[in-house]
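A.B. asks: sharing a sequence plus its predicted fold:
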Amino acid sequence: MMKSKADEEDFWHSSKCKPFTFDDEDDEFSKLKESKQTVNNIRPLVDEDEDDDDVEKVSWSGEPVGSISWSVRETAASNQRTDREPTLPKSSTDTPAISRSLSGYSLSALFKGKTRGGNFQSFTDSLSDSSARLYAPELRKPKSEYKDFVSDWSPEETVHRMQQGKAVSLEKFRSLQDKLFLLDFAVSANDGNVITAVLIYLKRTLSKEVLFRELQSRQMALRHFIHYLTEIRDQRLLLELFRALGRTEDVALLQYKEHLSIADENKRRDFLKSCLNLPFSPEDSAHVQDHYTLLERQIIIEATDRQAERGGKVEIFQKFPRRASILNMPLITTLYYCCFYHYPESEGTYSSPLNIRQTFRISEKQYFVTALAARAKVKAWLDVDALFACRNWLGFTRKKSPLSFQRVVDILQKNSAPMQVLQEYVGLVDDSDLRISLAQKHKCHDIVINTYRDMKDRQLLLGYLPKVERGSVEEKKINELLNNLQIRWKN
């Protein structure tokens, strides 16, 4: 039920709180005096427990204490406050009549930590409520928590903190001396991540001339810096660094690596030709020369073979179509290709395997392995046999190999060599135990039987009899040897 204006006047004049209005005095001092007087009039009320029921439980804004609107208003006010001193509330002459709050908290409870029942636990429990936590004003963090960011750390302390993974700022190290101290401490710590982090900062804040000069006397930092520039592919700065250090060979190698980014083979060949005049070491210079010569030869072979393959008149290309281009392939791959498609050619042609062997100084063993694999792949067993042919000074021909015959057998078996060819090379293995093992593995029964015969071991021959097929030639041969009375068996 609404109160009349006369009732409101009676209410204010009958209250224990002495009212004041802005009409009494206009100066700010009188306003402050009246506000303080109002607060003092309320103090004896909150000090008396027995009078708690007579005190209206409201905030200075006229809203019930503990309500959501009160919490939101208090949160906003706390964020705008610049110091810890509370501001004085403004009074209003037009404050409407306030109904008694349904909240269980009073001004006395807020000041003394009490509720109506006098139980402090219920008050603290209410503060842990989710709504209270949501709208409670956020307190400023203590300054001790900002120590890591505002303290003036020395270079050594900064490096130590970086090793621990803590946040630091390198921007405060502005003088050259401090930056070099920072780098030296990072190097002495032997932590690659810290060294790289410091070098990135120095790269950004120092001129290239100063940075290169200081790195020249710090080899560990220099190696980290070169590795960092290589990882981020900063070729321009890396070239400038090598030139400043007088490392001409590194400059040449870095320029030579640019051929990797050239896709067109003719342009790459021309670029490699221009690299021949760079100041390489003798070993690297020979490598670049071979690279240029090989690519030039690959371009010629590729053009000729592509035309021959399209013509359809060369049998080898019809029987074994090419699967990939030979361009930019390694040297051994090129040799294998030429042994596969151009083996019979004379030494005077670019695609001749013998010409490639002589031009690029390929060793005998490397050439033998490559040619054996290529000719076995095309099932050219006569060419394979010719690779092993060797004449002695008496004119007799015998088989000789720069590889062990065990390895030769493996290569032939992988290329599905016939049993007759495989058995011939298994028999050339010198070690008897290894020869028997290979023969059993590849089912070369004649080799096993002849080896047991030469060893005059009757028991081993009897033990091998069940491993051959019944009625086979091998079984008949074993029985003939066992019945031969002229052989003096050891057992």
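C.D. replies: Structure received.
A.B. asks: quick check: the closest residue to Ala417 other than its chain neighbours vs Cys339, distance?
C.D. replies: For Ala417, ignoring the flanking residues on the chain, the nearest one in space by C-beta to C-beta, 6 or more residues apart in numbering is Ala376 at 6.6 Å. Quick note: C-beta positions are derived from backbone N, CA and C, even for glycine. As for Ala376, its distance to Cys339 is 10 Å (criterion: C-beta to C-beta, to the nearest Å).
A.B. asks: of the two, who's got more company?
C.D. replies: With neighbours defined as other C-beta atoms under 10 Å, Ala376 and Cys339 compare such that Cys339 has more, 25 against 22.
A.B. asks: I'd like the distance between the more buried one and Ser437.
C.D. replies: Distance check for Cys339 against Ser437: by C-beta to C-beta, it reads 30 Å.
A.B. asks: please apply the same query to Lys456.
C.D. replies: Distance of Lys456 to Ser437, given as C-beta to C-beta: 20 Å.
A.B. asks: how is this structure carved up into domains?
C.D. replies: 5-135, 153-246 (automatic domain parsing).
A.B. asks: what's the least confident stretch among those domains?
C.D. replies: Among the domains of the chain, domain 5-135 carries the lowest mean pLDDT, a mean of 48.
A.B. asks: how many neighbouring residues does Arg174 have?
C.D. replies: Neighbours of Arg174 (other C-beta under 10 Å): 10.
A.B. asks: same question for Ala286.
C.D. replies: Neighbours of Ala286 (other C-beta under 10 Å): 12.
A.B. asks: okay, and it sits in which element?
C.D. replies: Using DSSP states H and E, Ala286 falls within helix 282-311.
A.B. asks: and if you look at Asp152?
C.D. replies: Assigned by DSSP H and E, Asp152 falls outside every helix and strand.
A.B. asks: burial measure for the nearest residue to it once chain neighbours are set aside, as a count.
C.D. replies: Once flanking residues are discounted, Asp152 sits nearest to Lys172: 7.3 Å by C-beta to C-beta, 6+ apart. Residues near Lys172, counting by other C-beta under 10 Å, number 10.
A.B. asks: mind checking how far Lys172 is from Tyr367?
C.D. replies: 66 Å.
A.B. asks: same check on Glu231?
C.D. replies: Glu231 is 39 Å from Tyr367, where distance means C-beta to C-beta.
A.B. asks: between the two, which one's more packed in?
C.D. replies: Counting neighbours by other C-beta under 10 Å for Glu231 and for Tyr367 shows that Tyr367 has the greater number, 20 against 9.
A.B. asks: so which elements touch the host helix or strand of that one?
C.D. replies: Assigned by DSSP H and E, Tyr367 falls within helix 364-377. Counting contacts by 3 or more C-beta pairs under 8 Å, 6 or more residues apart in numbering; DSSP states H and E, helix 364-377 is packed against helix 331-341, helix 353-359, helix 381-388, helix 405-414.
A.B. asks: go with 7 Å
C.D. replies: helix 331-341, helix 381-388, helix 405-414 (3 or more C-beta pairs under 7 Å, 6 or more residues apart in numbering; DSSP states H and E).
A.B. asks: just those helices: most buried one?
C.D. replies: Mean neighbours per residue, mean count of other C-beta atoms under 10 Å, is largest over the helices and strands packed on helix 364-377 for helix 331-341, with a mean of 20.
A.B. asks: quick one, it and helix 364-377 angle?
C.D. replies: Interaxial angle, helix 331-341 versus helix 364-377 (axes from the mean of the first three to the mean of the last three C-alpha atoms, to 10 degrees): 40 degrees.
A.B. asks: just use 490 as the starting number from now, easier for me
C.D. replies: Sounds good: first residue 490 from here, last item helix 820-830.
A.B. asks: can you get me a residue count around the closest residue to Glu785 other than its chain neighbours?
C.D. replies: Leaving aside its chain neighbours, Glu785 sits nearest to Arg758 (5.8 Å; criterion: C-beta to C-beta, 6+ apart). Neighbour count for Arg758, taken as other C-beta under 10 Å: 19.
A.B. asks: sorry, back to before: and the helices and strands packed on helix 853-866 as a markdown table, adding mean pLDDT and distance to Tyr953?
C.D. replies: Output for the helices and strands packed on helix 853-866, formatted as a markdown table (pLDDT from 0 to 100; distance: least, C-beta to C-beta, whole Å):
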| stretch | mean pLDDT | distance to Tyr953 |
| --- | --- | --- |
| helix 820-830 | 96 | 39 |
| helix 870-877 | 93 | 28 |
| helix 894-903 | 93 | 20 |
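A.B. asks: so which of those helices comes closest to Leu671?
C.D. replies: helix 820-830 (48.6 Å; C-beta to C-beta).
A.B. asks: what's in contact with the closest one?
C.D. replies: 783, 787, 794, 805, 815, 840-842, 845, 849, 851, 859-860, 862-864, 866-867 (C-beta atoms under 7 Å, 6 or more residues apart in numbering).
A.B. asks: now, of the residues you listed, which are buried?
C.D. replies: Neighbour-count burial within the contacts of helix 820-830 applies to 783, 787, 794, 805, 815, 840-842, 845, 851, 859-860, 862-864, 866-867; the criterion is 16 or more other C-beta atoms under 10 Å.
A.B. asks: mind listing what the residue nearest to Ala906 touches?
C.D. replies: Contacts of Ala865 (C-beta under 7 Å, 6+ apart): Val873, Ile900, Leu901, Asn904, Ala906.
A.B. asks: could you measure it against Met651, distance?
C.D. replies: Noted for Ala865: a distance of 60 Å to Met651, by C-beta to C-beta.
A.B. asks: check Thr823 too.
C.D. replies: In terms of C-beta to C-beta, Thr823 sits 51 Å off from Met651.
A.B. asks: cool, Thr940 as well?
C.D. replies: Shown here: Thr940 relative to Met651, a distance of 71 Å by C-beta to C-beta.
A.B. asks: so these two - more neighbours on which side?
C.D. replies: Taking neighbours as other C-beta under 10 Å, Thr940 and Met651 compare with Met651 leading, 22 against 18.
A.B. asks: return the residues in contact with Arg880.
C.D. replies: Contacts of Arg880 (C-beta under 7 Å, 6+ apart): Thr886.
A.B. asks: so what's the backbone phi/psi at it?
C.D. replies: Phi and psi for Arg880, reported as degrees, to the nearest 10, are phi -100, psi 130.
A.B. asks: so for it, what's the pLDDT?
C.D. replies: For Arg880, pLDDT reads 73.
A.B. asks: next one: Glu772
C.D. replies: pLDDT recorded at Glu772 is 90.
A.B. asks: swap in the one 10 residues further on?
C.D. replies: Note for Thr782: predicted pLDDT of 96.
A.B. asks: count of neighbours near the closest residue to it other than its chain neighbours?
C.D. replies: Nearest non-adjacent residue to Thr782, counting by C-beta to C-beta, 6+ apart: Thr848, 6.9 Å away. The number of residues packed near Thr848 is 15, by other C-beta under 10 Å.
A.B. asks: quick one: Thr848 from Thr822, how far?
C.D. replies: In terms of C-beta to C-beta, Thr848 sits 15 Å off from Thr822.
A.B. asks: thinking again about what came up before, did I read that right, the residue nearest to Asp641 in a helix?
C.D. replies: No: counting by DSSP: H, G, I helix; E, B strand; the rest coil, Lys661 is not part of a helix but coil.
A.B. asks: ok, it to Tyr690 distance?
C.D. replies: Distance, Lys661 to Tyr690, using C-beta to C-beta: 11 Å.
A.B. asks: do the same with Asp773
C.D. replies: Between Asp773 and Tyr690 the distance is 35 Å, computed by C-beta to C-beta.
A.B. asks: please consider this matter closed, and thank you.
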